[in-house]
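Asker: Let me see the structure of the following:
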Amino acid sequence: MKKRFDMNADAGESFGLWQIGADAELFPHITSANIACGAHAGDPTVMRKTIELAALHQVAIGAHPGYPDLQGFGRRAMTIDPEEIHDMVVTQIGALQAMAHIFGMRLQHMKLHGALYNTAAQNAAIAQAVCRAALKLDAELIVVTLAGSVMAKISQDMGLRTAEELFIDRGYAEDGTLLPRSHPHAIVSDAVEIDHRAELLTTSGVIQTEGGLLLPRHCVTLCVHSDTPNAAAIAARAKQAFRLAGAEICPMAEILAYR
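Answerer: Numbering: from 1, shown residues only. Model prediction:
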């Protein structure tokens, strides 16, 4: 049986007159979209337009909650009590659920953004708060989180469908975490490197770190950031590379339905 991967992208991250990301160009190449919910980026109108774009391209939609940090685009660490995190995540997912409802659509998944994503991947209390929020809102909601992380285990232990994630366009440290964006090799955009990454994941189930270490990683979904330069070209190249390596690209809900 062919290996199957979902391809997701963070989307809807514009705000008012501030435009970011190449959503229109990116959506033809992905199967799932993580839509910002107004905290780190996005606003009600952007949310609506992004859902419309997803419907046009038959892309599954999910919520993309983050820290309340418009100025820092949700990429700055914040010290917030787990219960406040819970309430914050409920509010953000709930807003996107409401907008999706008027289009007759249901959220497929949720995926944290930026610094909150990285914190929850390692902090059990924060991960539990987020997973409780997801479970209360929709027990069928898929939780997307870093492959091999604390949050992946907690989500699975709580009975949530879990899609472990790897990043096509980001470099990896030796411990399996993402290289900080300040690192010179944090962003991966070279076509040869993308092809190599697709081959390794499809044939051997490993990701190569910046230092050359091969880390075994179970993976359901692959991410391209919409604000990475040439994001649409990276996604198109990756989609082709995974198919040439023998993999199938389809929405994460289809992949998890077979397990």
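
Asker: For Glu25, grab phi and psi.
Answerer: For Glu25, the backbone dihedrals are phi -80, psi -30 (criterion: degrees, to the nearest 10).

Asker: Surely it and Ala232 touch.
Answerer: Yes. Counting by CB atoms under 8 Å, Ala232 is a contact partner of Glu25 at 3.8 Å. Any C-beta I mention is one placed from the backbone N, CA and C, and that applies to glycine too.

Asker: what's next to whatever helix or strand Leu135 lives in, contact-wise?
Answerer: Using DSSP states H and E, Leu135 maps to helix 124-137. Residues outside helix 124-137 that contact it (CB atoms under 8 Å, 6 or more residues apart in numbering): 65, 82-83, 85-87, 89-90, 93-94, 97, 110, 112, 116, 119-121, 141, 143, 145, 149-151, 154-155, 158-160.

Asker: Same question for it: list its buried residues.
Answerer: 126-135, 137 (16 or more other CB atoms under 10 Å).

Asker: Give the next helix or strand downstream of it.
Answerer: Past helix 124-137, the next helix or strand by DSSP H and E is strand 142-146.

Asker: Pull out the buried positions in the helix or strand that contains Thr91.
Answerer: Following DSSP H and E, one finds Thr91 within helix 82-101. If you call a residue buried by 16+ other CB under 10 Å, then helix 82-101 has these buried ones: 82, 85-86, 88-90, 92-93, 95-97, 99-100.

Asker: can you redo the buried residues of helix 124-137 as JSON lines with pLDDT?
Answerer: Converted to JSON lines, these look like this (pLDDT from 0 to 100):
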{"residue": "Ile126", "pLDDT": "98"}
{"residue": "Ala127", "pLDDT": "98"}
{"residue": "Gln128", "pLDDT": "98"}
{"residue": "Ala129", "pLDDT": "98"}
{"residue": "Val130", "pLDDT": "98"}
{"residue": "Cys131", "pLDDT": "98"}
{"residue": "Arg132", "pLDDT": "98"}
{"residue": "Ala133", "pLDDT": "98"}
{"residue": "Ala134", "pLDDT": "98"}
{"residue": "Leu135", "pLDDT": "97"}
{"residue": "Leu137", "pLDDT": "97"}
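
Asker: got the angle between the longest strand along the chain and strand 142-146?
Answerer: Secondary structure of the chain per DSSP state E: the longest strand is strand 4-11. Note on geometry: by axes from the mean of the first three to the mean of the last three CA atoms, to 10 degrees, strand 4-11 and strand 142-146 are set 80 degrees apart in direction.

Asker: What pairs with strand 4-11, parallel or antiparallel?
Answerer: strand 32-36 (parallel), strand 221-225 (parallel), strand 248-249 (parallel) (DSSP bridges).

Asker: Let's have these in TSV, adding distance to Ile255.
Answerer: Compiled in TSV, the strands paired with strand 4-11 are given as follows (distance: least, CB to CB, whole Å):
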stretch	distance to Ile255
strand 32-36	10
strand 221-225	8
strand 248-249	9
